[in-house]
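K.L.:
Structure of the sequence below:
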Amino acid sequence: MDKNVKDGIELRKGVYNYLSLPFDYKGTKVENFAPRELTLKEMKSLGKIQYKANHPFGWIAKACCLSIEEMGGVKVYDEYISSGKMPEIVKMIPMVSTNNVLVAGHIETLGEHLENIKAICPSCGSSNEAEIDLLSLEVPFLKEDTFETKIFKVDLSKGYTTSVKSQDEQGLSACYTRLFFRLPVLQDLLNLEDSFTESKDLNEFFEELMGQCILKMESDSGEDMPDNFLKMRKSRVLASLSPKDWKKTRVVYNENVPELSVSASKLCTECGSKIEYKMEQNFLFQ
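P.N.:
Predicted structure coming up:
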């Protein structure tokens, strides 16, 4: 298995059937899954344009349920079909790992190539079309210690300042300067689907997503903000951050979490320059 490192993230080729981040499910460390071949009827159910547009994360969740035979000791497909409900283990799949599941389902069902992917050459502006070998994709893996901690820390320059009243009545610190958050999972996306499809504002969506993933805040002296206080004020905490701190939060998040999209490089047919083909998840299963 080929390995290399890019921007601090380990990349492995040809491992579509492995999750890009292990996760815990009821005390079990889930590291891989058994993909399955979809039926024609199931393919058609994923091909409904209106459903993809109005329920993008619901579509991802449904595609995952149809694409996984077994994962973490759970018969995902059988449970989904028999109950009509998404198995809990699917909701716990890290957002960054859903690509691996869907690519695996596509390969099992339609083969390892994705055809008619279009891109514009950044050098000469010509339109290019390519066929992508899904088995050749570089699959991002987080650093090994990420599984152990699953927490990312941001040291804030200004932090979150509490009111004098809150300090007196609830014993809060005057300022909390360290923010800790976890990786978003599929359930987080499903929780925010309505707000995403209504606004289509990616910045607002990201802020809401980050709000769900806040684990704790800490003062310079190491005191945690009380859970009950933080739970009611997660959105307020993010909204009150300085632009510099909010930018730093996004940078730390992006450094630790691989992008959701997959990509492949090809040479332009006109000028020979390198073109990056971005493949969104809705290109799959069609």
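K.L.:
what's in contact with stretch 202-218?
P.N.:
151, 160, 176-184, 188-189, 191-192, 195-196, 199, 224-225, 227, 230, 234-235, 237-239, 249-250, 253 (CB atoms under 8 Å, 6 or more residues apart in numbering). (Glycine included, C-beta is placed from N, CA and C.)
K.L.:
Now do that stretch: distance to the chain's middle.
P.N.:
Its chain's C-alpha centre lies 13 Å from the corresponding centre of stretch 202-218 when counted by CA atoms, centre = their mean, to the nearest Å.
K.L.:
next one: stretch 192-205
P.N.:
15 Å.
K.L.:
what's the model's confidence in that stretch, averaged?
P.N.:
Averaged across stretch 192-205, the pLDDT comes to 77.
K.L.:
Tell me where the stretch 1-150 of the chain has strands.
P.N.:
Using DSSP state E, counting those that start in this stretch, the strands of the stretch 1-150 of the chain run over 3-6, 9-13, 18-25, 28-35, 68-71, 113-120, 127-133, 138-141.
K.L.:
Low-confidence stretches in the stretch 51-200 of the chain?
P.N.:
Residues of the stretch 51-200 of the chain meeting the criterion pLDDT under 70: 138-150, 199-200.
K.L.:
how about the nearest residue to residue 74, chain neighbours excluded?
P.N.:
In space, and not counting its chain neighbours, residue 74 is closest to residue 89: 4.8 Å by CB to CB, 6 or more residues apart in numbering.
K.L.:
For residue 176, give me its contacts.
P.N.:
156, 159-160, 162, 217-219, 225.
K.L.:
do the same with residue 124
P.N.:
Contacts of residue 124 by CB under 8 Å, 6+ apart are 268, 270-271, 273.
K.L.:
burial count for residue 108?
P.N.:
18 (other CB atoms under 10 Å).
K.L.:
And for residue 285?
P.N.:
21.
K.L.:
okay but it is in contact with residue 62, surely?
P.N.:
No: the pair residue 285 / residue 62 is not scored as a contact, 10.4 Å apart, by CB atoms under 8 Å.
K.L.:
I'd assumed residue 269 was in a strand, is it?
P.N.:
No: applying DSSP: H, G, I helix; E, B strand; the rest coil, one finds residue 269 to be coil, outside a strand.
K.L.:
Pull up the gap between it and residue 126, please.
P.N.:
From residue 269 over to residue 126 the distance is 7 Å, taken as CB to CB, to the nearest Å.
K.L.:
and what of residue 208?
P.N.:
Distance of residue 208 to residue 126, given as CB to CB: 39 Å.
K.L.:
These two: which is more packed in?
P.N.:
Set side by side, residue 208 and residue 126 show more neighbours around residue 208, with 20 against 14, by other CB under 10 Å.
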